[in-house]
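> Let's see this in three dimensions:
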Amino acid sequence: MNTPQNLSQKNSQRIHHQLVAILFVGFLTACSNSKTNPILTNQPSNM
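Numbers count the residues shown, from 1 in each chain. Got it, this is the predicted structure:
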C-alpha cells in the first residue's frame with residue numbers, strides 16, 4: 001500500500017539518513033584534519 005502518507009514518510013526517512021551521513025562524513029573529515037594539522041593537535045584539549 002503506497003498511500004501518499006507512506007510515500008512522504010519514506011522520503012523524510014531518506015532525507016534524515018542523508019543528513020546523518022553528511023554529518024558523519026563531516027565529523028570524520030574534521031577529525032582527520034585535526035590530526036594532520038599541528039596547530040590543532042598541539043593545543044591542550046580542555047573539552
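> going forward, measure contacts and count neighbours with C-alpha atoms only.
Noted.
> Stretch 13-29 - what's its average pLDDT?
The average of the pLDDT scores along stretch 13-29 is 89.
> List the buried residues of that stretch.
For stretch 13-29, the neighbour count (16 or more other CA atoms under 10 Å) marks no residue as buried.
> got the CA coordinates for it in PDB?
Coordinates of the C-alpha atoms in stretch 13-29 are reproduced here as PDB (Å, rounded to 0.1, in the frame of the first residue of the first chain):
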ATOM      1  CA  GLN A  13      13.300   9.000   6.400                       C
ATOM      2  CA  ARG A  14      15.600   9.000   3.300                       C
ATOM      3  CA  ILE A  15      16.400  12.700   3.800                       C
ATOM      4  CA  HIS A  16      17.100  12.000   7.500                       C
ATOM      5  CA  HIS A  17      19.600   9.300   6.600                       C
ATOM      6  CA  GLN A  18      21.300  11.600   4.100                       C
ATOM      7  CA  LEU A  19      21.700  14.300   6.700                       C
ATOM      8  CA  VAL A  20      23.200  11.800   9.200                       C
ATOM      9  CA  ALA A  21      25.600  10.500   6.500                       C
ATOM     10  CA  ILE A  22      26.700  14.100   5.700                       C
ATOM     11  CA  LEU A  23      27.200  14.900   9.400                       C
ATOM     12  CA  PHE A  24      29.200  11.700   9.900                       C
ATOM     13  CA  VAL A  25      31.400  12.400   6.900                       C
ATOM     14  CA  GLY A  26      32.000  16.000   8.100                       C
ATOM     15  CA  PHE A  27      32.900  14.700  11.500                       C
ATOM     16  CA  LEU A  28      35.400  12.200  10.100                       C
ATOM     17  CA  THR A  29      37.000  14.800   7.900                       C
END
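> Helix or strand: which one has A21?
Take DSSP states H and E as the rule and A21 turns out to sit in helix 4-36.
> For that helix, name the packing helices and strands.
Contacting helix 4-36 under the criterion 3 or more CA pairs under 8 Å, 6 or more residues apart in numbering; DSSP states H and E are the following elements: helix 38-42.
> gap between N6 and L19?
The spacing between N6 and L19, counted by CA to CA, to the nearest Å, is 20 Å.
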